[in-house]
Every structure is written in structure tokens, then in C-alpha cells.
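> quick one, what's the 3D model for this:
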Amino acid sequence: MEEPIEEKVGRLLREKGLTLAVAESCTGGLLGHLITNVPGSSEYFRGGVVAYAYGAKERLLGVRHKTLYEFGAVSEETAREMARGARRALSADIGLSVTGIAGPGGGMPDKPVGLTWSVVSAREGDWAERNVWTGDREGNKSASAIGTLALLLKVLEMNIE
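Modelled structure (predicted):
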């Protein structure tokens, strides 16, 4: 049986001696749940912020008001500021964020249901990824959490320190 992605991520974080903080919106805590399902995750996981409302993103993560109103909550720009904010707020080496539209409502022509932005923020830089999932609400939340962990795994495998 293949090692689950959250265990691969945890193993690499532990091997590299890196800490992780998350900022999530559309996943509602699922990302943190997956990370903390791994025994020993307290060695590398600093914590997470579930920031659903604009005000929470601003106050807890330092997302700029202008960013939210210019680009929207579901945007690369907001996801970048969320990841950086989580990293800063929780004094972690890596900040990981996800924001999106889980559905079934809330989609627009330029931002369909299932759209997510995930960002990894580290000292070396930021990596962003856009996905559009096609499931129901629960499926989109799950795909978003797993997809965000997959982005983190790719970045960790690039040998960031």
C-alpha cells in the first residue's frame, strides 16, 4: 500500500527539520485535520487558521483589504498573502494556504465552482497552483486539501531548506 500523502509530507518535514503552518478557507479545517492525523505531527506542525470571512483573513492572516476587494477571496494574490500570513503568525518555516469555491453555489463565469488556489510560502519563495475540481461540496473540499498537500510535497521534493 502506498504511503498516504500526509505521511510523505510529514516524513519530509521531519527529515528536513522544517515547521509548517496552514491557512485554509474552503477546506474548513480539513487540511489541518489530515496533517494532524499523522502520529508525531506535533514535531513539525505549528498550527492553522481557518479564515472563512474577509475580516478573519485580514485580522488573523494580514491579508490586505485592497487585495480582497481587488482580486477576491479566491485568487492567487489572496492565497499568497494567506500563506505568508500563516507562516508569519505561527513562526513557521513554511506557510501553506488554500482558498476556493467548494459549491454547490458561489461560482461565477470567471471563478467556477471547484476553483481553488493553493500556495506554499517559504524563505526561498512562493509556489502557487490553480485547480478546478468537479465534485460535490464534500468532494471539492477533499480534493482541495489533498491537492494542496500535493503542491507542498512537490516543493519539499525540490530540496527547499
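> start to end distance for stretch 18-32?
16 Å (C-alpha to C-alpha, to the nearest Å).
> cool, and stretch 42-51?
By C-alpha to C-alpha, one end of stretch 42-51 lies 22 Å from the other end.
> contacts for that stretch?
10, 13-14, 18-25, 28-29, 31-32, 35-36, 56-57, 60-61, 63, 82, 85-86, 89-92 (C-beta atoms under 8 Å, 6 or more residues apart in numbering). Yep, even glycine has a C-beta here, placed from its N, CA and C like the rest.
> tell me where this protein has strands.
Per DSSP state E, the chain carries strands over the ranges 20-24, 45-50, 94-100, 115-122, 125-132.
> partners of the shortest one in the sheet?
The strands beside strand 20-24 in its sheet (DSSP bridges) come out as strand 45-50 (parallel), strand 94-100 (parallel).
> now do that strand, average pLDDT.
When pLDDT is averaged over strand 20-24, the result is 98.
> need the buried ones from the contacts of stretch 42-51 selected in PyMOL.
With 16 or more other C-beta atoms under 10 Å as the burial test, the buried ones among the contacts of stretch 42-51 are selected in PyMOL as follows:
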select buried, resi 10+13+18+19+20+21+22+23+24+25+31+32+35+36+57+60+61+63+82+85+86+89+90+92
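> TSV please, covering the strands of the chain and showing distance to Lys141.
Below are the strands of the chain laid out as TSV (distance: least, C-beta to C-beta, whole Å):
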stretch	distance to Lys141
strand 20-24	10
strand 45-50	12
strand 94-100	9
strand 115-122	10
strand 125-132	12
